[in-house]
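Chemist: Quick one, what's the 3D model for this:
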Amino acid sequence: MKTCRLRTLFLNSKPVGLALSSVRVGKPAGNYLLKILCVFLLVVGSSVIEDLQAIAQDTRQRELERVEINPPARRATPRRAAPARGSGSGETNTSEQTESTPPADARAGARGAGSGLLSTLPGLSVVRDKSTVSTSATSLPSQVQIINRQDIEGLVARDVPDLLKQVAGMTATTFGQGDIGAPFEMRGFFGQHGADIGIFVDGVPQNWPFHTEHQGAADIAYLTPEMIERIEIIKGPFSALYGNFALAGVVNIITRNYQHSQSLTVTGGTFGAYRGVGIFSSDRWIPTPFLVNELYRTEGYRNNSSYKRWSPFNKVSFPVWGGNLSLRLNYFTSTWGAPGYIGLEDLRKGLVDPVAAINPQDGGSQGRYSFVMNYSPLCGEAGLYATAYVENYQPVRFATFQSNPPPIPAPPITQWNAVDDRTHWGGRIYYNFVFCNFASLIAGGETRQDKGSSATYDAIDREIIKPNYRYDLRLSNWAWFLQGQLRIADSVKLVGGVRRDWFRYYIDNTVNPANSGVATPIITSPKAGIVITPREGINIFANKGFGFRTPTAQELSPVTGPAGFNLQPAVIDTFDAGCNMWLFDSLYLAVAGYQTYFQKEIVTINDTPKNVGNTKREGYEVEGKFYASKDVLLFANVGWVDAKVVDPTVPGQTLVPQTSEWIVKGGIQITKDFWDCRRLRLDAYYNYLSAGPNYLGNSPIPYYGSDYDAYFFKLTYTEPAWSAFIGAKLQPRRLASDFYNTTSNQLTLDPKPLWDVTECGFTCNFW
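Modeler: This is a model prediction of the structure:
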């Protein structure tokens, strides 16, 4: 049995289960998998129900080995070992990726004897063996990609969307209008303001029901790259631990527990950008502090696009009761101006300056605080996991939705004002029963309680004129879940799970009190999957899963029209199949295909969320990684999707708006090590995004902007006590954008500069 080392190098994600709704949609594909799941659960349950605890205690001394991540073959500086600690985030933490002595050969180091993962390129860790029974996300029968700590350090990144630039089949951008929630597009879901993807930070849900921007919007601007240990991207609704809004998949973010020593980072950039990050931490101390203080400010490329934020992040972790406990308290505040979106045709004709702002009074602010407590086993995967949290979130936004600046002098301009004042609290607890190395069973439950208000108003010069809607909310969600894995042979593993959610939504409609009321939807969601590993380094998998989103406030309690408190959650039905393989000791390939059916999809058209109808998506993703030598790594990936509206609410509008058909990426990493732990590293990568369709009014003709591409470069020089770096971004197409809006029946965009030096600075370490 593997002993618990002082600082283990492993990847451990939350158990992932399947979701099946009580409302079936689409074709009944996967019936055989569901039958296998039922048999599996009956066999496991009947064989262990009487002696479950005894077996768990007996096998605790024979825990599964961790699914490890071997770091790339190079590191900045050798480090001593430190006391082993779990992440405290309800899942086990990876250690610092630079701690292990690097192997002489990059490929040998990447493969790593007995490892479940190959850490290859910036942005991704690739899977070697899915047949392992583990809570790791990589053990799921679906495509899973990991961004680890070493990957993060090579990316051109100011915020979380920048960290997702290399993930296959996924785009992440910022609207350029302040902290209003970044869109993440994955598997044909655009994810307005972070909706349509379940986003979690240390086990805490970040999607907000009844958000003024979009149902399920998620705003994680309070996180910076220095705070993050790793990001797990789970493609598809294949996790019993993640319920509401986990439609296209899950982005699970795990924050760091420690840094080896204190550090100070100072950077500057174009357009008046500067940033300072101080970190107080040490792996020698128990309790172990990880305190981050970040200040960032920029004037921005366009007029009225200044932005500033302050983000203190405070976390301490320590061993207790045979596990690891972490406590996190963070605060975030930001203010910004918003330049608005300019009409594409006006820009092409030269009628508007690209740097012009629509309304100098547009902008907003945000205040947020979080307290999070996590507990996880100190060593091994068996045992108790728990999360408890309370968060308060108060964003305010003023925006003018017109396609060009008004003439001067101008009549008063009507603004849209959105205000959320929300607090949510809750927690999750589960136990992972491990049976030798052939089976595991995770059983647990969670609750989430929301209270606050959601409102929009008309305003002029930030003075309120009248309300459009206002809801006072009391929202409750309870759920239980099961997740099981069973190896029926050395090369075959079955995975199954089930989740049941109860909701109680009390809505006080202050604009139309007659439509106030209570909604109590209930939904059950199972999943089933299989992994076949015919030989080492080759994994074939298939999965059938269901996800859901709860109805919006406007669907349940509209300002005009009848109330609809009997509405049930909209269901997504997804089938996933694929394989990944490691060939010739230097080449990794992964292929996946998927099909989804989704009910009542909501898309923002002309700045208004609308139900476009039931939708269907078919797509595939292909990715490859190649070790050209011990110092050169290359990668490329492509994602394609056909997204159609099956029964459009507007006749003729049969394409899902804002969905890119093609996403193509590629890049290279070159690293050169010198004497005395000195290193020079170059990261260069490319993103291409085909323009998605948009509809203007009720016209059946789709309108497209320009295709978008961008080049990213980062050069880093590292010594044991300090490092220097410069990162830049090139967007060669002058009037291209990774996001087009529709305003006043025109395509609009937020113009970007040709070049942007995003970071140029240094980091000093204080031992």
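Chemist: Okay, strands next: where are they in the stretch 651-767 of the chain?
Modeler: With DSSP state E, counting those that start in this stretch as the criterion, the stretch 651-767 of the chain has strands at 662-674, 678-689, 693-694, 703-704, 708-718, 722-730, 741-743, 746-749, 755-766.
Chemist: ugh, wrong one, I meant the stretch 151-300 of the chain
Modeler: 170-172, 184-186, 198-201, 204-205, 207-208, 217-218, 228-235, 249-255, 262-269, 273-281, 288-298.
Chemist: Ok, which of those comes nearest L473?
Modeler: strand 207-208 (10.2 Å; CB to CB). C-betas here are computed from N, CA, C, even on glycine.
Chemist: D490: what's its closest spatial neighbour, skipping adjacent residues?
Modeler: Once flanking residues are discounted, D490 sits nearest to S131: 7.4 Å by CB to CB, 6 or more residues apart in numbering.
Chemist: OK, contacts around the one you found?
Modeler: Neighbouring residues of S131 by CB atoms under 8 Å, 6 or more residues apart in numbering: 487, 490-493, 531, 533, 539.
Chemist: Those, buried ones only, as a ChimeraX selection?
Modeler: Typed into ChimeraX, the line below selects the buried ones among the contacts of S131, using 16 or more other CB atoms under 10 Å:
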select :487,491,493,531,533,539
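Chemist: Okay, and which of the contacts of S131 map to strands?
Modeler: Judged by DSSP state E, those include 487, 492-493, 531, 533, 539 as members of strands.
Chemist: picking up where we left off before, mind checking which of the strands of the stretch 151-300 of the chain is nearest T758?
Modeler: So among the strands of the stretch 151-300 of the chain, strand 262-269 is nearest, using CB to CB, at 5.4 Å.
Chemist: what does the closest one contact?
Modeler: So strand 262-269 is contacted by 226, 273-282, 298, 756-767 (CB under 8 Å, 6+ apart).
Chemist: Give me the buried subset of those.
Modeler: Buried, going by 16+ other CB under 10 Å: 226, 273, 275, 277-282, 298, 756-761, 763, 765, out of the contacts of strand 262-269.
Chemist: From the contacts of S131, pick the one nearest V511.
Modeler: For those, the nearest to V511 is V531 (51.8 Å; CB to CB).
Chemist: these two touch, right, the closest one and I488?
Modeler: No. Using CB atoms under 8 Å, V531 makes no contact with I488, being 10.8 Å away.
Chemist: which stretches of the protein have low pLDDT?
Modeler: 1-128, 409-410 (pLDDT under 70).
Chemist: Could you pull out the helices in it for me?
Modeler: 31-48, 52-60, 106-111, 149-153, 344-348, 553-556 (DSSP state H).
Chemist: Export the strands of the stretch 651-767 of the chain as JSON lines, with columns for distance to T654.
Modeler: Converted to JSON lines, the strands of the stretch 651-767 of the chain look like this (distance: least, CB to CB, whole Å):
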{"stretch": "strand 662-674", "distance to T654": "19"}
{"stretch": "strand 678-689", "distance to T654": "21"}
{"stretch": "strand 693-694", "distance to T654": "9"}
{"stretch": "strand 703-704", "distance to T654": "14"}
{"stretch": "strand 708-718", "distance to T654": "23"}
{"stretch": "strand 722-730", "distance to T654": "35"}
{"stretch": "strand 741-743", "distance to T654": "17"}
{"stretch": "strand 746-749", "distance to T654": "19"}
{"stretch": "strand 755-766", "distance to T654": "37"}
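Chemist: Which one of the ones you listed lies nearest to M373?
Modeler: Closest among those, once you apply CB to CB, is strand 755-766, at 29.2 Å.
Chemist: Just list what that closest one packs against, helices and strands only.
Modeler: strand 262-269, strand 273-281, strand 722-730 (3 or more CB pairs under 8 Å, 6 or more residues apart in numbering; DSSP states H and E).
Chemist: Pick out the residue nearest the middle of the protein.
Modeler: With distances taken as CA atoms, centre = their mean, V251 lies nearest the centre of the chain, 2.7 Å away.
Chemist: Please tell me how far the closest residue to it other than its chain neighbours sits from L247.
Modeler: Using CB to CB, 6+ apart and skipping residues adjacent in sequence, the residue nearest V251 is I199, 4.9 Å away. I199 is 12 Å from L247, where distance means CB to CB, to the nearest Å.
Chemist: Also V292?
Modeler: Taking CB to CB, one finds V292 at 32 Å from L247.
Chemist: what number of residues lie near the nearest residue to G667 once chain neighbours are set aside?
Modeler: In space, and not counting its chain neighbours, G667 is closest to Y685: 2.8 Å by CB to CB, 6+ apart. When neighbours are defined as other CB atoms under 10 Å, Y685 has 24 of them.
Chemist: Ok, K729 next?
Modeler: 21.
Chemist: With W478 instead?
Modeler: 15.
Chemist: right, and it touches T447 too?
Modeler: Yes. Counting by CB under 8 Å, W478 touches T447, with 5.0 Å between them.
Chemist: measure the residue lying closest to L163 once chain neighbours are set aside to E226 for me?
Modeler: Nearest in space to L163, with sequence neighbours left out and distances taken as CB to CB, 6+ apart, is A157 at 5.2 Å. According to CB to CB, A157 and E226 sit 10 Å apart.
Chemist: Reformat the ones in strands among the contacts of S131 as CSV; add distance to T608.
Modeler: Converted to CSV, those look like this (distance: CB to CB, whole Å):
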residue, distance to T608
R487, 50
V492, 50
K493, 46
V531, 43
T533, 49
N539, 44
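Chemist: Now flag whichever of these is closest to A570.
Modeler: V531 (29.5 Å).
Chemist: which ones are touching the residue nearest to L295 when sequence neighbours are not counted?
Modeler: Nearest in space to L295, with sequence neighbours left out and distances taken as CB to CB, 6+ apart, is G276 at 5.0 Å. Residues near G276 by CB under 8 Å, 6+ apart: 264-267, 294-296.
Chemist: P406 reaches P412, doesn't it?
Modeler: No. Here P406 does not reach P412: they are 9.7 Å apart, not a contact under CB under 8 Å.
Chemist: With neighbour numbers in mind, choose between these two.
Modeler: Shown here are P406 and P412; by other CB under 10 Å, P406 has more neighbours (13 against 10).
Chemist: excluding its backbone neighbours, what's nearest that one?
Modeler: I413 (6.1 Å).
Chemist: show me what contacts V250?
Modeler: Here V250 is in contact with 197-200, 232-234, 239, 242 (CB under 8 Å, 6+ apart).
Chemist: Who wins on neighbours among these?
Modeler: S239 (32 neighbours).
Chemist: surely it meets A246?
Modeler: Yes. At 6.6 Å, S239 counts as touching A246 under the criterion of CB under 8 Å.
Chemist: quick one: contacts for the closest residue to T400 other than its chain neighbours?
Modeler: Distance criterion CB to CB, 6+ apart; nearest residue to T400, sequence neighbours excluded, is N359 at 3.9 Å. For N359, the contact set (CB under 8 Å, 6+ apart) comprises 304, 340, 400, 405-406, 413, 415.
Chemist: ok, T560 to F575 distance?
Modeler: 39 Å.
Chemist: out of those two, which sits in the more crowded spot?
Modeler: Per other CB under 10 Å, whichever of T560 and F575 has more neighbours is F575, with 20 against 9.
Chemist: For the more buried one, give the beta-bridge partners.
Modeler: Counting by DSSP bridges, F575 forms beta bridges with K544, Q595.
Chemist: now swap in K235 and tell me
Modeler: G249.
Chemist: what's the neighbour count on it?
Modeler: Neighbours around K235, by other CB under 10 Å: 26.
Chemist: can I assume it is in contact with R187?
Modeler: Yes. K235 lies in contact with R187 (CB under 8 Å); the separation is 6.3 Å.
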